[in-house]
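Asks: no sequence for this one, just the structure:
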């Protein structure tokens, strides 16, 4: 018998139109990303198209939500920029990120 775990994701999207970031949480990353692509998310519908540039997977929802909250903080954004320095060096972003959750 296999042990199947529901994963919880914190993800970062980059807008290809305004070069801003969107930080979000979802228990179903594929479905949620498709919602962003189709414009079905109120928070991001007017800023697409989107590219998924980063995600983290967690077994526990509380861990993921805590990480999402951190990623949205000033320290979390600075850490993310340092972590993705090579990508962001080639693909600059706006200075202000927008955030959301589903």
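Replies: Noted; the coordinates are in hand. No experiment lies behind these values; they were computed from the predicted model shown.
Asks: Tell me where the chain is predicted with low confidence.
Replies: 1-5, 96-102 (pLDDT under 70).
Asks: all helices of it, in order?
Replies: With helices called from DSSP state H, the chain shows them at 29-38, 61-72, 74-83, 85-90.
Asks: Can you mark which positions in stretch 82-93 are buried?
Replies: For stretch 82-93, a neighbour-count test (16 or more other C-beta atoms under 10 Å) marks 84, 88, 93 as buried. All C-beta spots, glycine's among them, are computed from the backbone N, C-alpha and C.
Asks: Verify the stated contact: the last one with residue 20.
Replies: Yes - counting by C-beta atoms under 8 Å, residue 93 touches residue 20, with 6.4 Å between them.
Asks: intersection of neighbour lists for these two?
Replies: residue 14 (C-beta atoms under 8 Å, 6 or more residues apart in numbering).
Asks: picking up where we left off before, return the member of the buried residues of stretch 82-93 nearest to residue 45.
Replies: residue 93 (19.3 Å; C-beta to C-beta).
Asks: Next up, phi/psi of the closest one, please.
Replies: Per-residue torsions, residue 93: phi -120, psi 170 (degrees, to the nearest 10).
Asks: Not counting residues beside it along the chain, what's closest to it?
Replies: Leaving out its chain neighbours, the residue that sits closest to residue 93 by C-beta to C-beta, 6 or more residues apart in numbering is residue 19, at 5.2 Å.
Asks: list the contacts for the one you found?
Replies: Counted by C-beta under 8 Å, 6+ apart, residue 19 has contacts 91, 92, 93, 94.
Asks: Between those, which sits nearest residue 9?
Replies: So of the contacts of residue 19, ranked by how close each gets to residue 9 (C-beta to C-beta), first place is residue 93, at 20.3 Å.
Asks: Okay, that closest one and residue 57: tell me how far apart.
Replies: Applying C-beta to C-beta, to the nearest Å, the value for residue 93 to residue 57 is 23 Å.
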